[in-house]
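> Fold the following, please.
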Amino acid sequence: MTETQTEAGPGSLHLGLDLGVTNIKWAVLRRTGSDWSTVSTGQVPTHADEGSEAVVARMAATAREAMAAHGQVVSLGVGVPGLYDPEAGVTEFLVNMPGRWRGVPVVAPLRAMLGLPVALINDARAFGLAELRLGAARGMRSMIGMTLGTGVGGVIAIDGRVLQGHKGTAGELGHQSIDPDGPWCNCGTRGCVEAYCRADQIAHACGTETVEEAVAAAHAGDRQAIDGLAQTGRYLGIGIANAIILVNPERVVLGGGVAAAGPLLLDAIRDEVQRRVHVTAWEDIDIVPASLGTFAGAIGAGVHGAETAAVRA
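Predicted coordinates:
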């Protein structure tokens with residue numbers, strides 16, 4: 001289990017897990033009043049090909065190791081890459097996760113194995129909650145966010161709270177249709193933002209194998225990579241403009257590896273937003289990269305677990 005230590009001190013400890021296709025990331029957080037800090041982070045391989053039951057057991061083992069290393073943890077939050085039933089504590093539709101995940105119990109077995117209150121949250125909403133409490137949107141009352149990776153996740157926060165909606169499904173900005181006759185998306189419909197802006201599509205547009213290679217090639221001056229990122233930015237800008245018109249947030253936060261492209265992506269997004277937003281002051285809305293890196297989902301899951309446990313107490 002790889003681990004990074006970042007901070008020590010007083011306060012209650014809370015654990016977050018972020019279930020990904022490749023890795024299970026974890027974060028131990030400290031809460032002191034309304035202030036949050038990250039104590040430690042790490043990750044282990046998911047081995048999703050071994051099936052959902054084995055993955056849940058691996059999550060429990062990962063949590064147990066983190067708890068043993070850091071002392072009395074009082075809550076657990078788990079971010080999942082898709083849809084879930086928060087009351088039943090089961091997963092329903094994990095779009096890009098291999099294997100059978102419909103109706104798989106997560107909360108009950110983790111609670112039984114670890115002796116902690118457990119709460120589920122969508123991984124993109126977890127990302128947004130982390131950036132809202134500790135990151136690039138800290139101090140904001142309203143924000144929208146997108147996570148750019150294997151898929152495109154979304155999050156909306158209003159009045160300092162991440163919107164969960166029915167069964168935690170509010171904010172799926174990556175699955176808004178921006179072209180009714182566009183390419184098929186993994187969710188089962190056509191023309192979603194994700195169908196144009198998920199990692200494999202970005203790499204294809206840039207003529208590279210991966211997003212990381214695309215960003216590096218664009219920074220090195222490769223014309224196809226530069227144009228591919230600009231095209232991605234345009235599609236993202238359409239989706240973000242739609243969300244701005246609905247929410248009028250103070251800040252837009254973009255996470256994921258492609259956000260490292262910086263102005264090569266952000267300038268195209270801003271141009272498209274300017275072109276499409278006329279009912280509010282678009283120039284007052286900051287569009288910025290996320291600040292918490294790859295562990296934002298685990299951090300946000302930990303915050304959600306703590307806040308949910310406090311409400312239920």
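> hmm, who's touching stretch 259-267?
148, 214-215, 218-219, 226, 229-230, 232-233, 236, 254, 258, 287, 289-290 (CB atoms under 8 Å, 6 or more residues apart in numbering). Using the backbone N, CA and C atoms, a C-beta is placed for each residue, glycine as well.
> any low-confidence regions in the stretch 51-200 of the chain?
Along the stretch 51-200 of the chain, no part satisfies pLDDT under 70.
> Tell me where the stretch 201-313 of the chain has strands.
All strands of the stretch 201-313 of the chain, identified by DSSP state E, counting those that start in this stretch, fall at 251-255, 286-289.
> Any idea which of those strands gets closest to P86?
Proximity to P86 (CB to CB) singles out strand 251-255 among those, at 22.8 Å.
> Pull up the gap between G82 and C187, please.
9 Å (CB to CB, to the nearest Å).
> Would you map the helices across the stretch 1-150 of the chain?
Applying DSSP state H, counting those that start in this stretch to the stretch 1-150 of the chain gives helices spanning 52-70, 107-114, 123-133.
> residues making contact with the first one?
Spelled out, it's helix 52-70. 1, 3, 13, 15, 17, 19, 24, 26, 28, 39-40, 42, 44, 46-48, 73, 76, 78, 91, 99-101, 104-106, 109-110, 113-114, 116.
> switch to 7 Å and redo it
Here helix 52-70 makes contact (CB atoms under 7 Å, 6 or more residues apart in numbering) with 1, 13, 15, 17, 19, 24, 26, 28, 39-40, 44, 46-48, 73, 76, 78, 99-101, 104, 106, 109-110, 113-114.
> Quick one, which of those are buried?
When the contacts of helix 52-70 are checked for burial by 16 or more other CB atoms under 10 Å, the buried set is 13, 15, 17, 19, 24, 26, 28, 39-40, 44, 46, 48, 73, 76, 78, 101, 104, 106, 109-110, 113-114.
> what are the ranges of the helices in the stretch 151-300 of the chain?
Using DSSP H, counting those that start in this stretch, helices in the stretch 151-300 of the chain cover 193-197, 199-206, 211-219, 223-247, 263-276, 296-312.
> Out of those, which gets the lowest mean score?
In terms of mean pLDDT, the lowest-scoring of these is helix 296-312 (a mean of 91).
> Tabulate the helices of the stretch 151-300 of the chain in CSV, adding columns for distance to G182.
Listed next are these as CSV, based on distance: least, CB to CB, whole Å:
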stretch, distance to G182
helix 193-197, 6
helix 199-206, 11
helix 211-219, 20
helix 223-247, 9
helix 263-276, 16
helix 296-312, 27
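> Go through those helices and name the closest to G128.
Of the helices of the stretch 151-300 of the chain, nearest to G128 by CB to CB is helix 296-312, at 6.8 Å.
> Of all the residues in the closest one, which ones are buried?
Buried residues in helix 296-312 (16+ other CB under 10 Å): 296-309.
> out of those, who's nearest R270?
The nearest one, if we look at the buried residues of helix 296-312 relative to R270 and count by CB to CB, is A296, at 22.3 Å.
> you'd agree that closest one is up against F127?
Yes - at 4.7 Å, A296 counts as touching F127 under the criterion of CB atoms under 7 Å.
> shared neighbours of those two, which are they?
With CB under 7 Å, 6+ apart as the test, A296 and F127 both reach G255.
> isn't I202 right up against E212?
No - using CB under 7 Å, I202 makes no contact with E212, being 10.4 Å away.
> higher neighbour count, those two?
I202 (28 against 14; other CB atoms under 10 Å).
> residues in contact with that one?
211, 214, 228, 232, 258 are the contacts of I202 under CB under 7 Å, 6+ apart.
> With respect to L134, which of these is nearest?
Closest approach between those and L134, by CB to CB: V258, at 21.8 Å.
> Pick the most buried one from the strands of the stretch 201-313 of the chain.
Mean neighbour count (mean count of other CB atoms under 10 Å) peaks for strand 251-255 among these, with a mean of 25.
> where's it relative to the chain centroid, distance-wise?
A distance of 11 Å separates the centroid of the chain from that of strand 251-255, by CA atoms, centre = their mean, to the nearest Å.
> Likewise for stretch 119-131?
6 Å.
> So which residue is dead centre in the protein?
With distances taken as CA atoms, centre = their mean, A124 lies nearest the centre of the chain, 2.9 Å away.
> What residues does that residue make contact with?
For A124, the contacting residues are 147, 153-155, 171, by CB under 7 Å, 6+ apart.
> Pick out the most distant pair among the buried residues of helix 296-312.
The distance between the two most remote of the buried residues of helix 296-312 (CB to CB) is 20.4 Å, for A296 and A309.
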